[in-house]
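[1] coords below, sequence missing:
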């Protein structure tokens with residue numbers, strides 16, 4: 001059985017000093033790491049290479065674990081580290097989150113490229129600013145990141161099994177990973193005589209590990225990143241989002257901020273419309289709205305909005321309306337001077353209206369049709 005490096009042990013010692021962390025949490029985590037040789041090696045390497053600098057408790061109800069690239073921290077729910085821990089689940093989670101640590105630089109580079117693309121579009125001329133290509137590239141980077149993390153979780157479990165069983169079967173792996181293996185293995189047959197089959201597009205090496213080949217990454221993206229949100233147990237604050245909408249919410253928010261920076265509302269000037277191809281990006285307006293934290297933050301502090309009666313009207317012609325109490329959730333619409341706007345609260349916070357077209361080529365577009373007194377506050381509050 002492997003032992004962790006002194007550097008890794010120092011992280012566990014620091015973890016023990018975190019609020020709420022007991023000695024049995026640290027002991028169980030050490031046992032999980034050392035129980036899978038491949039996982040112990042990856043943990044040591046992540047620490048030695050500076051990808052992992054801290055362990056911390058996780059309070060998020062809709063995540064089994066998370067990696068924060070800014071602080072290089074893996075956070076774990078303490079409940080999962082209670083005695084006796086679910087060894088298979090924790091082994092998978094640690095393998096998954098450690099891979100995110102190794103992927104962080106690639107994601108950072110993709111984010112930098114996305115930011116440049118957004119700046120180029122936002123500062124360009126034209127009546128329509130289409131952010132579909134830039135968003136598609138960034139979502140593809142997140143998809144690769146999640147797919148490779150899932151493969152790393154699989155390999156961590158296989159390594160754990162091979163300590164006592166050099167030739168594990170798909171049934172053994174499924175039994176060790178339980179719910180985590182639903183994205184890898186199809187179970188058929190009967191309860192008395194089940195069959196286990198690897199999902200389409202996935203392939204294994206002779207030792208049952210899964211190499212991160214382009215084919216496996218693409219297949220894992222389909223089976224994991226592209227799947228519908230679990231009900232319950234999805235992603236995001238409400239536990240209702242899938243991966244595409246979970247990641248896209250912050251991307252759309254960033255786009256809106258840069259659009260407003262480069263094209264601030266001006267009386268008598270029609271600003272460009274920002275647009276996303278929702279079908280191509282596999283996004284849902286409903287799931288995106290649920291993800292935006294602005295739903296609660298902005299409406300609680302913003303009592304008024306301003307509605308402009310016509311595109312050419314001067315600022316003095318804008319009218320102020322009280323926010324209806326009934327509009328605390330859902331969407332609201334009003335009519336001023338013959339100009340009707342339909343806005344959900346997240347878009348009101350941006351000071352933007354939105355229009356949605358249905359059909360196979362549905363697109364979501366925003367226009368500068370309204371303003372919100374708390375738009376700057378929302379942008380600065382971190383949503």
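    Here it is on my side, so go on. Just so it is clear, the model here is predicted, and its values are computed rather than measured. Numbers count the residues shown, from 1 in each chain.
[2] who's in contact with residue 186?
    196, 197, 198, 199 (CB atoms under 8 Å, 6 or more residues apart in numbering). In short, each C-beta sits where N, CA and C put it, glycine included.
[3] out of the residues you listed, which are inside helices?
    Among those, no residue falls in helices (DSSP state H).
[4] between those residues, which has the most around it?
    residue 196 (18 neighbours; other CB atoms under 10 Å).
[5] who's that residue bridged to?
    Beta bridges link residue 196 to residue 187, judged by DSSP bridges.
[6] which residues touch residue 107?
    When contacts are counted by CB under 8 Å, 6+ apart, residue 107 touches 69, 141, 142, 145.
[7] show me which of the residues you listed are buried.
    141, 142, 145 (16 or more other CB atoms under 10 Å).
[8] next one: the first one relative to residue 134, how far apart?
    According to CB to CB, to the nearest Å, residue 141 stands 11 Å off from residue 134.
[9] what's next to stretch 190-207, contact-wise?
    Counting by CB under 8 Å, 6+ apart, 158, 162, 169-171, 174, 183-189, 210-211, 213, 215-216, 218-220, 222-223 sit against stretch 190-207.
[10] for ChimeraX, write a command that selects the buried ones of those.
    In ChimeraX, a selection of the buried entries from the contacts of stretch 190-207 looks like this (16+ other CB under 10 Å):
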select :158,162,170,174,183,184,185,210,216,219,220,222,223
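[11] that older thread, so can I have JSON lines of the contacts of residue 186 showing pLDDT and distance to residue 205?
    JSON lines is the format used below for those (pLDDT from 0 to 100; distance: CB to CB, whole Å):
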{"residue": "196", "pLDDT": "97", "distance to residue 205": "17"}
{"residue": "197", "pLDDT": "98", "distance to residue 205": "17"}
{"residue": "198", "pLDDT": "98", "distance to residue 205": "12"}
{"residue": "199", "pLDDT": "98", "distance to residue 205": "16"}
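[12] would you list those in TSV and tack on distance to residue 128?
    Output for the contacts of residue 186, formatted as TSV (distance: CB to CB, whole Å):
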residue	distance to residue 128
196	50
197	47
198	44
199	40
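[13] so which of the residues you listed is the closest to residue 53?
    residue 199 (35.1 Å; CB to CB).
[14] strands along this protein, start to end?
    All strands of the chain, identified by DSSP state E, fall at 54-57, 66-68, 73-76, 128-130, 185-189, 194-198, 273-277, 304-307, 319-322, 331-336, 339-344, 353-357, 363-367, 370-372.
[15] name the helices or strands packed onto the third one?
    Right, the one you point to is strand 73-76. strand 54-57, strand 66-68, helix 87-122 (3 or more CB pairs under 8 Å, 6 or more residues apart in numbering; DSSP states H and E).
[16] can you tell which of the ones you listed is closest to residue 154?
    Nearest to residue 154, of the helices and strands packed on strand 73-76 and by CB to CB, is helix 87-122 at 7.5 Å.
[17] picking that back up, overlap in contacts, residue 141 and residue 134.
    By CB under 8 Å, 6+ apart, residue 141 and residue 134 have these common neighbours: residue 114.
[18] residues near residue 182, how many?
    If we define neighbours as other CB under 10 Å, then residue 182 has 15 of them.
[19] against residue 51, how distant is it?
    Residue 182 is 28 Å from residue 51, by CB to CB.
[20] do residue 252 as well
    29 Å.
[21] so for the two, which sits in the more crowded spot?
    Set residue 252 next to residue 51 and count neighbours by other CB under 10 Å: residue 252 wins out with 24 against 21.
[22] surely the more buried one touches residue 275?
    No - shown here, residue 252 and residue 275 do not form a contact pair, counting by CB atoms under 8 Å, at 11.0 Å.
[23] which intervals of the stretch 1-150 of the chain have sub-threshold pLDDT?
    Low-confidence segments of the stretch 1-150 of the chain, defined by pLDDT under 70: 61-62.
[24] show me what contacts residue 151?
    Contacts of residue 151 by CB under 8 Å, 6+ apart are 99, 210, 211, 212, 216, 217, 220.
[25] confidence score at the fifth one?
    Read it as residue 216. Looking at residue 216, its pLDDT reads 98.
[26] domains in this protein, as residue ranges please.
    6-225, 243-380 (automatic domain parsing).
[27] could you measure from residue 90 over to residue 79?
    Counting by CB to CB, the gap from residue 90 to residue 79 is 11 Å.
[28] just residue 246 next, same as before
    Taking CB to CB, one finds residue 246 at 22 Å from residue 79.
[29] mind checking which of these two has more residues around it?
    Ranked by neighbour count (other CB under 10 Å), residue 246 and residue 79 place residue 246 first, with 21 against 10.
[30] got a list of what the residue nearest to the more buried one when sequence neighbours are not counted touches?
    Spatially, and ignoring its direct neighbours in sequence, residue 246 is nearest to residue 235 (4.2 Å; CB to CB, 6 or more residues apart in numbering). Residue 235 makes contacts with 62, 63, 229, 241, 242, 243, 246, as judged by CB under 8 Å, 6+ apart.
[31] which stretches in the stretch 101-250 of the chain count as helices?
    For the stretch 101-250 of the chain, the helices defined by DSSP state H, counting those that start in this stretch cover 132-162, 170-177, 214-220, 243-262.
[32] out of those helices, nearest to residue 103?
    helix 132-162 (4.8 Å).
[33] what angle separates that closest one from strand 185-189?
    60 degrees (axes from the mean of the first three to the mean of the last three CA atoms, to 10 degrees).
[34] how about helix 132-162: buried residues?
    Residues of helix 132-162 classed as buried under the neighbour-count rule (16+ other CB under 10 Å) are 132, 134-136, 138-139, 141-162.
[35] kindly report the same for stretch 200-212.
    So for stretch 200-212, counting by 16+ other CB under 10 Å, buried means 202, 204, 208, 209, 210, 212.
[36] please apply the same query to stretch 51-58.
    Neighbour-count burial for stretch 51-58 [16+ other CB under 10 Å]: 51, 52, 55, 56, 57, 58.
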